[in-house]
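Colleague: No letters, just coordinates:
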């Protein structure tokens, strides 16, 4: 019941056009917060790989 009251107040304050955008922003923020707390990262950091070049032997 409380959730319905909060949603009605949000609909009145923000309006029907702005409400989905705010919902997406809140959801995105919650996902980012959860990822930072758990240590998950979507993009792994690139590891530095040393490229080995063939050595030419001269006799």
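Modeller: That came in fine, so what should we check first? Predicted, not measured: the structure shown is a model, and the values here were computed from it.

Colleague: Quick one: mean pLDDT for stretch 14-33?
Modeller: The average of the pLDDT scores along stretch 14-33 is 90.

Colleague: where does residue 16 land in three-state SS?
Modeller: coil (DSSP: H, G, I helix; E, B strand; the rest coil).

Colleague: for it, phi and psi?
Modeller: phi -70, psi -20 (degrees, to the nearest 10).

Colleague: residues contacting it?
Modeller: Not one residue lies near residue 16 by Cβ atoms under 8 Å, 6 or more residues apart in numbering. For glycine as for every other residue, the C-beta is placed from the backbone atoms N, C-alpha and C.

Colleague: ok, now how distant is it from residue 28?
Modeller: 20 Å (Cβ to Cβ, to the nearest Å).

Colleague: Output the longest helix belonging to the chain.
Modeller: Counting residues, the longest helix found in the chain (DSSP state H) is helix 19-38.

Colleague: in that one, what counts as buried?
Modeller: Residues of helix 19-38 include none that count as buried (16 or more other Cβ atoms under 10 Å).

Colleague: separation between residue 31 and residue 17?
Modeller: Distance from residue 31 to residue 17, by Cβ to Cβ: 23 Å.

Colleague: the inter-axis angle of the helix or strand harbouring residue 12 versus helix 19-38?
Modeller: Secondary structure assigned from DSSP states H and E places residue 12 in helix 2-14. Interaxial angle, helix 2-14 versus helix 19-38 (axes from the mean of the first three to the mean of the last three Cα atoms, to 10 degrees): 120 degrees.

Colleague: Can you list the buried residues in helix 2-14?
Modeller: Buried, per 16+ other Cβ under 10 Å, within helix 2-14: nothing.

Colleague: Counting by contacts, list what that helix packs against.
Modeller: When contacts are defined as 3 or more Cβ pairs under 8 Å, 6 or more residues apart in numbering; DSSP states H and E, helix 2-14 packs onto helix 19-38.

Colleague: measure residue 7 to residue 25 for me?
Modeller: Residue 7 is 16 Å from residue 25, by Cβ to Cβ.

Colleague: Same check on residue 31?
Modeller: Distance from residue 31 to residue 25, by Cβ to Cβ: 11 Å.
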